[in-house]
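J.: sequence plus predicted model, see below.
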Amino acid sequence: MSALEKMTFNQQDVDLRCEAHARLLAGKPNGFLADFRGASLDGLSFVGKDLSESLFSGASLIGCNFSNSNLSDSDFSGALLSEANLSGSNLSRSDFRGSDLTRATLIASDCTETDFRELTQTPDLAIIAPEDGEEDDKIVLQKLQKMKSNVLVTKLDGANFSGSKMAHCRLVAVSAIEAIFDDGNLIHSKLNRARLEKARFCNSMINSTDFSGANLEDADLRGSPDESAIFDQAQTKGMMTGPAPDPVPEPETAEILHVRDMEKRISKHEKLCRGNGGDGVPAIFEGLDFRVLNELSGRSLTALQASKANLSGMNLEGTELQGANLRGADLRGTNLRGADLRGADLSGAFLTHADLRQCRLDPLVLTSERLIPVSLEGVVSRYADFRGADLTQANIKDADLSYSKLGDAKLNGVDLDTAKTDGVSGP
């Protein structure tokens with residue numbers, strides 16, 4: 001056991017190491033990697049720290065507070081994190097294999113592509129090395145036969161992942177009994193052979209989520225219908241489906257067209273937008289499913305008529321959507337980062353988990369005397385990210401902004417009185 005594995009840190013030690021790690025990330029002198037492997041850190045605070053690419057494998061972090069921290073690409077394999085607070089933290093692509101997150105709080109965290117699979121610990125070769133006078137091959141073989149690899153199952157029992165981004169997350173064989181995944185985005189996640197008895201997935205996005213061989217007895221999947229989820233050989237006795245107990249409005253089912261027909265329509269509309277009339281043709285996309293195209297990033301779709309259309313989970317980063325009609329559209333989990341939505345009508349749209357960072361949602365200026373403000377009236381944008389967005393004069397009457405991020409957003413002239421703002425962070 002190394003000296004570091006025996007060390008116990010106090011809050012001052014942690015703060016100094018976090019500062020040194022920040023210098024490393026910024027390329028400044030005297031910076032070094034935050035390495036807490038095997039250390040005892042129970043109950044300490046890491047709130048708001050940037051600890052991306054840090055090392056916590058095998059550490060004891062029981063009851064620690066990591067809320068609103070950047071922990072992306074970090075190693076927490078085999079760590080003890082029971083009852084820790086990781087709400088609002090960025091855990092994307094981090095390694096939590098074999099960790100213990102029993103009753104931990106991870107509300108509105110980003111677990112995209114995070115690895116929660118079981119951890120296989122192999123015998124330490126230093127321990128099985130032959131001693132002086134022993135026959136090397138024979139002794140090593142005998143010791144190896146006595147020692148077996150230790151498999152650590154990741155424990156998420158009773159953990160709260162409400163509103164978390166967990167797309168492409170690896171949760172194979174985890175124990176998540178009575179865990180809460182309500183309002184989560186679990187698109188394309190793997191929960192094969194997971195223990196999910198009495199777990200909750202109410203109002204979650206489970207498009208192409210793999211529950212093969214999982215134990216879902218008495219689990220609650222109400223409000224999370226999706227025919228593409230996989231339940232092969234899963235145990236579903238007592239599993240609840242159907243409408244959610246506390247229903248969130250659901251978008252209407254959109255019509256699916258062939259990808260060539262969709263692309264042809266969009267190209268003609270785009271030609272109209274870019275050619276100031278020309279030989280383009282305005283297209284109507286009301287009630288259509290855009291997902292056959294996968295992405296529309298950077299396209300010119302000014303004045304798009306797509307009310308009640310389905311664009312959920314798509315990439316629309318930087319897309320020009322000025323004056324678009326997106327009333328009642330399904331934009332859950334959609335990447336709209338940097339998109340231009342000036343003057344757009346998003347009344348009643350579904351924006352849960354949407355990425356609207358640096359998005360333009362300010363008025364569309366037609367003349368010096370005529371402005372068209374954005375309408376977000378009645379939208380459902382729970383856990384959406386509006387950081388850095390311009391919402392000047394936007395109408396958010398009766399909008400549900402619960403647990404959304406509004407840091408650095410411009411809210412000049414915005415009336416929040418009738419909006420639902422439970423758990424909102426910033427500005």
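T.: Yes, it's here. These numbers come from a predicted model, not from an experiment.

J.: output the lowest mean pLDDT helix or strand found in this protein.
T.: helix 136-146 (a mean of 59; mean pLDDT, DSSP states H and E).

J.: within its sheet, name the partner strands of the following helix or strand past that helix and how each one runs.
T.: Later in the chain than helix 136-146, the nearest helix or strand by DSSP states H and E is strand 150-152. When pairing is defined by DSSP bridges, strand 150-152 lines up against strand 119-121 (antiparallel).

J.: and the partner strand, average pLDDT?
T.: In this model, strand 119-121 has a mean pLDDT of 81.

J.: so what touches that strand?
T.: If you take CB atoms under 8 Å, 6 or more residues apart in numbering as the criterion, strand 119-121 is touched by 77, 78, 97, 98, 99, 149, 150, 151, 152, 154. C-beta here means a position set from N, CA and C on the backbone, and glycine is covered the same way.

J.: buried residues in that strand?
T.: residue 119 (16 or more other CB atoms under 10 Å).

J.: equivalent analysis for stretch 30-43, please.
T.: Across stretch 30-43, burial judged by 16+ other CB under 10 Å covers 34, 35, 36, 37, 38, 39, 40, 41, 42.

J.: from these, pick the one nearest residue 344.
T.: Closest approach between those and residue 344, by CB to CB: residue 34, at 42.5 Å.

J.: dump the residue contacts of the closest one.
T.: Taking CB under 8 Å, 6+ apart, we find residue 34 in contact with 17, 18, 20, 21, 51, 54, 55.

J.: please tell me how far the closest residue to the fourth one other than its chain neighbours sits from residue 22.
T.: Right, the one you point to is residue 21. Excluding the flanking residues, the one nearest residue 21 by CB to CB, 6 or more residues apart in numbering is residue 34, at 3.8 Å. In this view, residue 34 and residue 22 are 9 Å apart by CB to CB, to the nearest Å.

J.: now the strands for the chain?
T.: 119-121, 150-152, 255-256, 288-289, 364-367, 370-372 (DSSP state E).

J.: dihedrals phi and psi, residue 36?
T.: phi -110, psi 20 (degrees, to the nearest 10).

J.: hang on, it packs against residue 56?
T.: Yes. Using CB atoms under 8 Å, residue 36 is in contact with residue 56, at 5.1 Å.

J.: low-confidence stretches in the stretch 201-350 of the chain?
T.: Scanning the stretch 201-350 of the chain with the threshold set as pLDDT under 70 gives 246-254, 276-282.

J.: could I get the full set of helices for it?
T.: Secondary structure of the stretch 201-350 of the chain by DSSP state H, counting those that start in this stretch: the helices cover 259-274.

J.: same question, the stretch 1-150 of the chain
T.: Under DSSP H, counting those that start in this stretch, the stretch 1-150 of the chain gives helices at 11-26, 136-146.

J.: just the CA coordinates for the first one, please, in CSV.
T.: Listed in CSV are the C-alpha atoms of helix 11-26, where the atom choice follows Å, rounded to 0.1, in the frame of the first residue of the first chain:
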residue,chain,number,x,y,z
GLN,A,11,-10.4,20.7,3.8
GLN,A,12,-7.4,22.9,3.5
ASP,A,13,-5.4,20.1,1.9
VAL,A,14,-8.2,19.5,-0.6
ASP,A,15,-8.5,23.2,-1.5
LEU,A,16,-4.8,23.5,-2.1
ARG,A,17,-4.7,20.5,-4.4
CYS,A,18,-7.8,21.8,-6.3
GLU,A,19,-6.1,25.1,-6.8
ALA,A,20,-3.0,23.4,-8.2
HIS,A,21,-5.2,21.3,-10.5
ALA,A,22,-6.8,24.5,-11.8
ARG,A,23,-3.4,25.9,-12.6
LEU,A,24,-2.5,22.7,-14.5
LEU,A,25,-5.7,23.0,-16.6
ALA,A,26,-5.0,26.6,-17.3
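
J.: how far does stretch 15-22 sit from its chain's centre?
T.: Relative to the chain's own centre, stretch 15-22 is displaced by 26 Å; criterion: CA atoms, centre = their mean, to the nearest Å.
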